[in-house]
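Asks: following is a predicted model, sequence given first.
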Amino acid sequence: MASQPAPAPASAARSLASLDSDHIEPVWLDVSTIEEFIEYIISARHRGSESILSFQWQADRLDDLFEQLDTRLVALDEMKIRRFEYDYESSTVHIDIMGESEFRYQVQAGLRDYIKDRLAQRIATTDDPTIRRLMQSIVERGFFNILYERKIHKQADSEPRKHVERKARQYINCSDGKIRVALIIDLQYPSMKKAWVSLLVAGSPSSGWVQHSELYHDDDLVQQPVGQIDLYLSDLVSLAGVPTAFCRPSTVELAAGVTRNPTITITFERLRAIFRKARYLHNPTKFTMEVTDQEENPYEETERRIAEVRSEAERRIAEAERHIAEANRRVAEVRSETERRVAEVRNETERRIAEAEACSEACI
């Protein structure tokens, strides 16, 4: 968003020129306290009026602003602020105060949970401690804040595709290597009949696009598209320390025909399931779900593997106990046999001694 001039002191709220031709016009606020801003947010939301608000705020008070906003809005049973930008040059905050739709939220949450569950499954079934430690280092940090051209950007949302793609590049290019991949879900709204997916990866060929605006759902198609999204461990953590086998193949490697198994795979069918479930929850009177859209148990396979490992461990323990019991039995048999032979030898020795003594007495 472009920098704005300082507000006129007498105005409490006034419209500004559009920051972008594809964006709605923001409203400028004169606020000095968080309570004033919260009151305006709630009032505007209840009126269903302005969505983008702009106001001046000191940079060193930015963290406190959003921490208190989140706390107060949750306490008032209001949605948190999820989309914002901050311009350091003018010390201006630009905020979208309107809550996100159930449709968009469910798509985002469904995709996030699926990735987290698949990652947890990989951690549970990975024997290599180095790989397990790297996977465990991946934590959800919310929507990453990117400093770019003296502005902090947050999650792209409800914008034309070209703007989201531009922001995706900013996320990767301006995060000091902290973000290496951007997954874009493009949803047709309000008809909710189609959906596309794009994958942008740092250092990949074709300007970074591994997949670009690929259709994965269309209500008008009898045969839905087939495909998948592949994520590698090197996409999710810093490249330092990631074994080659878990790295996305480079441009040179791809040209040489090198392939590797991805860490996480998201099929188009799973994306469709998330999409269909999201729009059903958004409008259950208009849309339906398929049986296969019900959320699968992400830990079922893991639990099965754990049960198999446990069963195999118990079998080996039982087998070891049998071997120990057999060894103890043989030791007991050997001991018994040894004691028997020692007793025989002792008896034989005593018998001979007795005979020798008897013979000696007779000779005398």
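Replies: Good, I have the coordinates.
Asks: in contact with the closest residue to Val93 other than its chain neighbours, which residues?
Replies: Spatial nearest neighbour of Val93, chain neighbours left out: Trp57 (4.8 Å); criterion: Cβ to Cβ, 6 or more residues apart in numbering. Bear in mind the C-beta positions are built from the backbone N, C-alpha and C, glycine included. Counting by Cβ atoms under 8 Å, 6 or more residues apart in numbering, Trp57 touches 65, 86, 91-93.
Asks: among those residues, which lie within strands?
Replies: 86, 92-93 (DSSP state E).
Asks: closest to Leu29 among these?
Replies: Using Cβ to Cβ, Val93 is the member of the ones in strands among the contacts of Trp57 that lies nearest Leu29, at 9.4 Å.
Asks: tell me, how many residues neighbour the closest one?
Replies: Neighbourhood size, Val93 [other Cβ atoms under 10 Å]: 23.
Asks: now swap in Val210 and tell me
Replies: So Val210, with other Cβ under 10 Å, has 19 neighbours.
Asks: Ile266 now?
Replies: Neighbour tally, Ile266, other Cβ under 10 Å: 22.
Asks: make sure it is indeed in a strand.
Replies: Yes. Going by DSSP: H, G, I helix; E, B strand; the rest coil, the assignment for Ile266 places it inside a strand.
Asks: secondary structure class for the nearest residue to it once chain neighbours are set aside?
Replies: Once flanking residues are discounted, Ile266 sits nearest to Ile229: 4.3 Å by Cβ to Cβ, 6+ apart. At Ile229 the chain is in strand, as set by three-state DSSP.
Asks: isn't Ile229 right next to Thr265, touching?
Replies: Yes. Here Ile229 reaches Thr265: they are 7.1 Å apart, a contact under Cβ atoms under 8 Å.
Asks: ok, those two, which is more surrounded?
Replies: Ile229 (23 against 12).
Asks: tell me the contacts of the more buried one?
Replies: Per Cβ under 8 Å, 6+ apart, neighbours of Ile229: 183, 197, 199, 211, 265-267, 271.
Asks: can you put those residues in TSV and add distance to Gln136?
Replies: TSV is the format used below for these (distance: Cβ to Cβ, whole Å):
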residue	distance to Gln136
Leu183	21
Val197	27
Leu199	24
Gln211	28
Thr265	20
Ile266	21
Thr267	25
Leu271	26
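Asks: around His94, count how many other residues there are.
Replies: Neighbour tally, His94, other Cβ under 10 Å: 22.
Asks: now Arg351
Replies: Burial of Arg351 is recorded as 10 neighbouring residues (other Cβ under 10 Å).
Asks: check what pLDDT the residue nearest to Ile266 gets.
Replies: Ile229 is assigned a pLDDT of 96 by the prediction.
Asks: quick check: which ranges of the stretch 1-150 of the chain have low pLDDT?
Replies: The stretch 1-150 of the chain contains residues with pLDDT under 70 at 1-26, 48-50, 99-100, 139-150.
Asks: and the helices in it?
Replies: 34-47, 62-75, 102-124, 129-136 (DSSP state H, counting those that start in this stretch).
Asks: could you chop this structure up by domain?
Replies: 13-96, 102-147+160-298 (automatic domain parsing).
Asks: longest strand in this structure, by number of residues?
Replies: strand 209-218.
Asks: quick one on the thing from earlier: how near is the residue nearest to Ile266 to Pro284?
Replies: Look at Ile229 and Pro284: by Cβ to Cβ, to the nearest Å, they are 28 Å apart.
Asks: what's the separation between Gln224 and Ala168?
Replies: 25 Å.
Asks: more crowded one of these two?
Replies: When Gln224 and Ala168 are compared for neighbours, Ala168 comes out ahead with 21 against 14, by other Cβ under 10 Å.
Asks: I'd guessed the more buried one sits against Asp186; true?
Replies: No. Look at Ala168 against Asp186 with Cβ under 8 Å: they stay out of range, at 11.3 Å.
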